[in-house]
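Colleague: sharing a model prediction with you, sequence too.
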Amino acid sequence: MTNLLSVPFKRTYVLPIREGVREYISAHHKDTHPGAFKWDIDRWDILRKEATDNVVHMDRIKPMLSYHAQLVFILTKLPFDIGLEIAYAPVFSPGAIPVTLKNLTFERTGVLFNLAALYSQLASAEDRTTPQGLKQMIAHLQAAAGVFRYMISFATPSLRNSVAEEDMPLDLADSFLASLESLMLAQAQEGVWQRAVQDNYKNGIVAKLAAKVSTLYGDALRQIKDSPIPIKHVFPAGWLAHLETKEQHFAGVSQFRKSVDDLEANRYGHEIARLTLANSAVRRGHEIGRKGRVMPPVLKDIQALVDIFQANLTRAERDNDLIYHHEVPAASSLPQIKEISMVQSLGLEALTDPKMAIGNDAVIFGDLLGYGAKVAIDIYQERRKNWIEEEVLARAQHMGDAASSLLQSLNLPAALEAMEKPIGLPPSLLKKAEEVRSEDGPVRIPLSIENVRKVAQMNKALLDETLDILDLEAEEDEVFQEEAPGTRAPSAESNKELISKAHRYRQILEEAAQSDEVVKGKWDDWEQNITELTWNEEDLQAAIPSSTISLVSKGATASKGNSTQLHARQLRSLLESLDDIQRTRVQLVERAKRRVEADDITPRILKAATAIERWVEVQPAMFEDVLDEEMAKFDKFRNDIEEAEEQQQLVLESIKERNGLFLQSRKEDPSVKEREHALQSLDLAYHMYREITRNLDEGLKFYNEFSDILVKFKETCRGWANHRKDEMYVLLRAMHNISLDAGNDSDEPAPPDAPQPSSPAPRGKPSLPPLSSGQWEAIVLPPPPSKRSS
């Protein structure tokens with residue numbers, strides 16, 4: 001039976017790759033059909049099955065390396081979340097609830113972990129009685145350590161950056177992996193020490209090798225002890241005792257071998273001091289192993305050392321008392337044994353250079369547009385959309401609002417039309433009334449208000465359901481905190497960020513509701529006036545009073561009539577100039593929209609992407625220069641808007657000035673004032689109609705987009721709550737197991753606890769072989785003192 005600890009495989013489950021990838025390509029790559037990637041999808045499915053069969057054999061290394069290499073390339077083409085729910089059980093609890101993440105990086109780390117586990121199991125299966133078996137064991141253990149080191153350096157950082165902190169699997173934490181790396185190196189160094197013993201190396205060299213074995217076991221032990229409590233509880237109960245027993249075992253062996261070296265150099269006092277240290281270390285290790293129920297071979301080895309070291313110490317003290325009379329130095333004054341390390345974490349070239357692992361095989365999704373390039377296209381489209389909205393549409397809308405606001409304040413063109421056309425309806429008003437009538441304004445607005453109310457209520461219900469999920473989790477956690485206080489942070493601390501976000505969302509909805517009430521108030525105030533615009537021409541004309549005077553009224557004096565007529569013509573000319581500017585502005589907006597519709601940056605992005613190294617993970621930032629160049633072609637629209645703004649400002653100033661002169665020259669007439677007021681009310685009603693419909697359209701768009709945000713937030717909170725529930729069950733189970741272990745502790749050796757799910761049957765305490773037995777050939781005893789000259 002081996003005395004090595006091997007890492008079991010992380011159990012995984014069937015992954016519906018074919019269905020999931022087809023759905024993702026259909027949803028996110030509209031320009032292609034999933035059937036075009038049939039070979040890629042099938043190849044992915046086959047490779048995963050080969051890489052996750054968990055067979056312990058040398059020929060399983062290549063499929064796992066190949067699958068990992070393909071995953072590295074796939075992650076340059078696809079985002080980590082394509083909707084596939086990937087499940088891996090905790091490494092030492094294959095029957096527990098698996099950790100499930102929609103994350104391809106999780107799949108990559110799972111494959112790497114099982115590759116390291118495969119190397120460790122291959123090492124345990126080697127025949128250590130032969131030089132070749134020892135050599136293979138050492139190589140496998142160093143490879144396992146190298147895979148764990150590669151995970152810490154290159155794989156788990158990506159996973160940690162792509163999942164919430166509470167979703168990070170405990171057995172993929174850096175401290176967990178680092179302790180396994182140290183364990184693999186310690187066992188590899190133990191193999192080097194064993195080879196040195198078999199080859200009869202000098203005792204001083206063997207002592208230095210053994211000292212490094214002890215240090216590495218100690219490193220692994222301390223890394224576990226220094227880990228957070230949840231990570232510490234992932235390890236099987238017997239592992240810590242195994243590591244500490246091995247640490248003391250080789251601390252004793254190192255001192256013992258050095259004592260033999262001291263004996264050969266006639267340093268009899270140093271020999272006794274080191275034998276004392278060795279004897280103390282192995283006795284301490286034996287006690288730890290016996291109480292910790294370590295594997296029988298480990299306990300048998302250290303029990304043999306206890307007997308041997310005690311016998312040698314007794315012999316050394318007797319000889320020194322009778323013959324040598326050397327002073328025994330204090331342990332603190334002994335020269336420190338310089339360690340020799342002969343192992344390291346081997347970096348596998350197939351990991352650092354994935355192309356080597358794939359060889360002549362084609363890469364999966366080699367012809368698919370990379371995710372980074374696709375994101376760059378999306379960023380460009382979003383940036384272009386925002387730019388057009390801010391620099392063109394918003395500024396054009398502001399120009400229109402500024403012109404309308406000024407004209408409304410000056411009662412234009414109603415004042416002018418009231419005198420130009422004292423009877424009947426002005427053409428501009430007839431046109432505006434026709435627009436409202438054709439859109440069925442009085443019916444459209446109440447329907448839109450009701451639609452906005454319904455979507456707002458749906459958003460509020462979504463947020464309430466989300467808070468209910470958090471409240472339910474908090475209630476369950478409150479019960480758990482009473483049963484197991486201090487084992488984890490309470491909900492009030494863990495969900496602080498989620499609660500804060502929920503409050504922000506609540507505030508946004510409340511502010512939106514206030515805006516909705518303002519819009520509804522506008523409709524209540526202007527409903528009657530807007531409804532009048534839908535009347536037929538005859539009814540509308542009857543509602544507008546006629547004036548008794550016009551610009552050519554014969555009752556006016558010639559000088560004053562000519563002055564009013566002059567100002568009116570000039571004012572009308574300015575209004576026509578303003579209309580020309582507004583038409584130009586509308587045409588400019590339409591040209592900008594058509595330019596956006598015809599714009600396609602995809603060919604340029606594809607060309608730039610082909611110039612990037614194929615195995616490099618393409619980031620959107622790599623295309624920033626291309627995006628800037630493409631955005632520059634829209635600058636002309638901003639320049640045109642700025643020019644139109646300057647022209648309009650000059651015209652508005654002139655209208656304001658000319659209108660003042662017009663009012664001063666115009667004869668005051670009550671009938672003209674009454675007609676002006678009626679025309680202005682209808683004109684304002686039209687502008688208010690446009691404002692209300694625009695507000696309602698914007699509100700409906702806001703609530704629809706915000707509902708998507710709330711749905712995602714609800715799923716995030718549900719996932720967080722489920723994780724906390726799973727964590728609670730794991731902690732309760734761990735506490736239950738600890739209580740059982742404490743109840744079963746006794747002074748008698750207990751059945752061994754192996755790291756595998758099934759424990760070996762208890763074995764009785766073996767009787768020690770005689771010192772002349774070949775079983776002790778690993779330890780070469782010095783010649784007896786009687787053969788030395790005194």
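Modeller: Alright, I've got the coordinates. Keep in mind that what you see is a predicted model, and the values were worked out from it rather than measured.

Colleague: under the pLDDT cut-off, which ranges of the stretch 301-450 of the chain? List them.
Modeller: The stretch 301-450 of the chain contains residues with pLDDT under 70 at 414-415, 417-425.

Colleague: which parts of it are strands?
Modeller: Assigned by DSSP state E, counting those that start in this stretch, the strands in the stretch 301-450 of the chain number zero.

Colleague: how many other residues sit next to Pro446?
Modeller: The local packing of Pro446 (other Cβ atoms under 10 Å) involves 13 other residues. From N, CA and C alone the C-beta is placed, and that goes for glycine too.

Colleague: next, the contact list for it, please.
Modeller: Applying Cβ atoms under 8 Å, 6 or more residues apart in numbering to Pro446 gives the contacts Trp523.

Colleague: which one is the residue nearest to the spatial centre of the chain nearest to, not counting chain neighbours?
Modeller: Nearest to the mean C-alpha position of the chain, by Cα atoms, centre = their mean, lies Ser162 at 1.9 Å. Leaving aside its chain neighbours, Ser162 sits nearest to Phe80 (5.0 Å; criterion: Cβ to Cβ, 6 or more residues apart in numbering).

Colleague: how about the one you found, what does it touch?
Modeller: Phe80 neighbours (Cβ under 8 Å, 6+ apart): 103-105, 158, 162.

Colleague: hmm, 6 Å instead?
Modeller: Residues counted as contacts of Phe80 (Cβ atoms under 6 Å, 6 or more residues apart in numbering) are 103-105, 162.

Colleague: out of those, which is nearest to Val206?
Modeller: Thr105 (44.2 Å; Cβ to Cβ).

Colleague: give me the element the closest one is part of.
Modeller: Taking DSSP states H and E as the definition, Thr105 sits inside helix 104-125.

Colleague: what's that helix in contact with?
Modeller: Residues outside helix 104-125 that contact it (Cβ under 6 Å, 6+ apart) are 2, 4, 6-7, 9-10, 51, 56, 64, 67-68, 71, 75, 80, 86, 88, 137, 140-141, 143-144, 147-148, 151, 155-156, 158-159, 162, 172.

Colleague: picking that back up, ok, now how distant is the residue nearest to the centre of the chain from Glu475?
Modeller: Distance, Ser162 to Glu475, using Cβ to Cβ, to the nearest Å: 31 Å.

Colleague: please apply the same query to Val55.
Modeller: The gap separating Val55 from Glu475 is 46 Å, by Cβ to Cβ.

Colleague: on that earlier part again, for PyMOL, write the select line for the buried members of the contacts of Phe80.
Modeller: Here is the PyMOL command that selects the buried residues among the contacts of Phe80 (16 or more other Cβ atoms under 10 Å):
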select buried, resi 103+104+105+162
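
Colleague: where's the dip in pLDDT among the contacts of Phe80?
Modeller: Lowest-confidence member of the contacts of Phe80: Ser162, scoring 92 (pLDDT).

Colleague: show me the contacts for that residue.
Modeller: 80, 103, 105.

Colleague: and the residue lying closest to Asn411 once chain neighbours are set aside, how far from Asn529?
Modeller: Leaving aside its chain neighbours, Asn411 sits nearest to Gln680 (5.0 Å; criterion: Cβ to Cβ, 6+ apart). In this view, Gln680 and Asn529 are 11 Å apart by Cβ to Cβ.

Colleague: which stretches of the stretch 501-650 of the chain have low pLDDT?
Modeller: Residues of the stretch 501-650 of the chain that meet the cut-off, pLDDT under 70, sit at 545-562, 610-618.

Colleague: tell me which stretches of it form strands.
Modeller: Ranges of strands in the stretch 501-650 of the chain, per DSSP E, counting those that start in this stretch: none exist.

Colleague: ditto for the stretch 151-300 of the chain
Modeller: Going by DSSP E, counting those that start in this stretch, the stretch 151-300 of the chain shows no strands.

Colleague: can you mark which positions in stretch 283-295 are buried?
Modeller: Judged by neighbour count using 16+ other Cβ under 10 Å, the buried positions of stretch 283-295 are 283-286, 288-295.

Colleague: over to stretch 97-110?
Modeller: 98-110.

Colleague: which strands and helices sit next to the helix or strand harbouring Asn659?
Modeller: Using DSSP H and E, Asn659 maps to helix 635-665. Here helix 635-665 touches helix 394-409, helix 558-598, going by 3 or more Cβ pairs under 6 Å, 6 or more residues apart in numbering; DSSP states H and E.

Colleague: so that helix versus helix 394-409, what angle?
Modeller: Helix 635-665 runs at 0 degrees relative to helix 394-409, counting by axes from the mean of the first three to the mean of the last three Cα atoms, to 10 degrees.

Colleague: just checking, next helix/strand downstream of helix 635-665?
Modeller: helix 670-744.

Colleague: that next one packs against which elements?
Modeller: helix 414-420, helix 427-438, helix 441-483, helix 496-532.

Colleague: what's the closest of these to Ala251?
Modeller: Among those, the nearest to Ala251 by Cβ to Cβ is helix 441-483 (40.9 Å).

Colleague: how about whatever helix or strand comes next after that closest one: buried residues?
Modeller: The element immediately downstream of helix 441-483 (helix or strand, assigned by DSSP H and E) is helix 491-494. By 16+ other Cβ under 10 Å, the buried positions in helix 491-494 come out as 491, 494.
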